[in-house]
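> the following comprises the amino acid sequence and a computationally predicted model.
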Amino acid sequence: MSLNQSSLRADAITCVRGERALFTGLDLEVTSGEWLHIRGENGIGKTSLLRLLSGLSKPAAGCIFWNNQPIELDPDDYHRNLLFLGHRDALKEDLTALENLVIASALDDLTVSEEEIFLALHRFGLRGREDLPVNCLSAGQKRRVLLARLLLRKAKLWILDEPFNALDTQAVEMLSGLIAEHIAVGGMAIMTSHQVIPMPNGRVIQL
Amino acid sequence: MNAFLAVIRRDLLLVMRRKSEVLTIVFFFMIVTSLFPLGIGADTALLRKIAPGVIWVAALLSTMLGLQRLFATDYADGTLEQMALSPTPLALLVGGKITAHWLVCGLPLVLLAPVIGIQFDLDANTLGTLILALLIGTPILSLVGAIGAALTLGVRGGGVLLSLLVLPLYIPVLIFGAGAVYAQSVDLDIGGHFSLLAALLVLALFFAPWATTAAVRIAIE
């Protein structure tokens, strides 16, 4: 499989929380240039599914494959190709937006210049707020800082849990455009959202 | 290595922004150790005798103060998930956090030890032994404590459980650390104590990051 053609496939996965099976025998596949929208009511297991797909937790049954290889065989390679943005911002409130992104990039094993981080923050409408502690930002602005990682990390697969939460209309459009650009260049995305996502060519999976 | 240093830098930056954590540990150590000379009075022979035990007990209780927060905030804000998904091995990042914990909670105690030792009328050789013993022993406290901190992640009342888990594991460090200082104060050979402390440090360096990483993965899952 060429570098440009990648796939993530889940074969008959089952997720159990406590004694309750959230879903059983679920199959899904996403390949380069595609995106999946996972929908379902609260508590149905959307976030749990994303955690399984990212490798944060293991399915009770079934298997997840990255490029036809189980993800647990070479998790480091899988994680190099993955950017997972969850419910929680993973931001340190006492650090500035810039410091948070410098450290997030280092954790991603990237060498990113401050200029690139400034540009990413500016694109998300945070010009002039780069050096403010995150605890001085609104919930929507914090979300924008988190989403700026999408511009810094050139990961092939984006797994995004409710990425449009707390964003205003302008930011929703901006993020939708960014995801569309990512898909257009052969990337892939899986996301949950209760909103109708203003993007073409996506497939919807209803849990 | 870039990510390892970034974790240390980030944790130190956070401490610099919120100095109360390191100051609490330093003041706790100073106050607890200073209460004994104040309570006992000017009986220098007795102070010299109890100094190793008192200073070591204060040191291990002080390092415990910062343990509960070692992973708790990263767990709560989702940073641990991002660390688990990093291309850098999680054990290396956990090692960075343990190193930062020692720099914040262990190293200040080593630097303060000579001042504290003077209150107990320790001579220069014994002070040197105390510093060296703390220099070898306090990293063990951070390494072993990290296992307990990871095991109690997300557990209600985890602070008490953490103490119950970790304090028994600190006993060998306390025995050999305090033993080395006492042996020096009565002119006995200190080689055995230091060999055992060093062996404990090597064991902890080898096993603790691995055990802590396994516990962190369980907590995240």
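Good, I have the coordinates.
> neighbouring contacts of stretch B:138-147?
Contacts with stretch B:138-147, where a contact means C-beta atoms under 8 Å, 6 or more residues apart in numbering or on different chains, come from B:59-60, B:63-64, B:67, B:70-71, B:94, B:97-99, B:101-102, B:105-107, B:109-110, B:162, B:165-166, B:169-170, B:173, B:197, B:200-201, B:204-205, B:208-209, B:211-212, B:215. Bear in mind the C-beta positions are built from the backbone N, C-alpha and C, glycine included.
> now, these that are in helices?
B:59-60, B:63-64, B:70-71, B:94, B:97-99, B:101, B:107, B:109-110, B:162, B:165-166, B:169-170, B:173, B:197, B:200-201, B:204-205, B:208-209, B:211-212, B:215 (DSSP state H).
> if any of these are buried, give me the PyMOL selection for them.
Paste this into PyMOL to select the buried members of the ones in helices among the contacts of stretch B:138-147, with burial taken from 16 or more other C-beta atoms under 10 Å in any protein chain shown:
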select buried, chain B and resi 59+60+63+64+70+71+94+97+98+99+101+107+109+110+162+165+166+170+173+197+200+201+204+208+209+211+212+215
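> who are the contact partners of the spatially closest residue to B:Thr88 that is not a sequence neighbour?
Distance criterion C-beta to C-beta, 6 or more residues apart in numbering or on different chains; nearest residue to B:Thr88, sequence neighbours excluded, is B:Ala3 at 3.9 Å. Counting by C-beta under 8 Å, 6+ apart, B:Ala3 touches A:Ala106, A:Leu107, A:Asp109, B:Ser86, B:Thr88, B:Leu92, B:Leu93, B:Gly96.
> show me where chain A has strands.
A:7-17, A:20-31, A:35-39, A:61-66, A:69-70, A:82-85, A:157-161, A:188-192, A:202-206 (DSSP state E).
> for B:Thr152, which of these is the nearest?
Taking C-beta to C-beta, strand A:7-17 is the member of the strands of chain A nearest to B:Thr152, at 21.5 Å.
> got a list of contacts for that closest one?
A:1, A:21-32, A:45, A:48-49, A:52-53, A:59-68, A:157, A:188, A:190.
> in ChimeraX, how would I select the buried members of those?
Selection command for ChimeraX covering only the buried members of the contacts of strand A:7-17, criterion 16+ other C-beta under 10 Å:
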select /A:22,23,26,28,30,32,45,48,49,52,53,59,62,64,65,66,67,157,188,190
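> tell me which element the residue nearest to B:Thr88 is part of?
Under the criterion of DSSP states H and E, B:Ala3 resides in helix B:2-17.
> who's in contact with the helix or strand following that helix?
Next helix or strand after helix B:2-17 toward the C-terminus (DSSP H and E): helix B:20-40. Applying C-beta under 8 Å, 6+ apart, the contact partners of helix B:20-40 are B:15, B:46-47, B:50, B:54-55, B:58-59, B:61-63, B:65-66, B:69, B:104-105, B:108-109, B:112, B:116, B:119-120.
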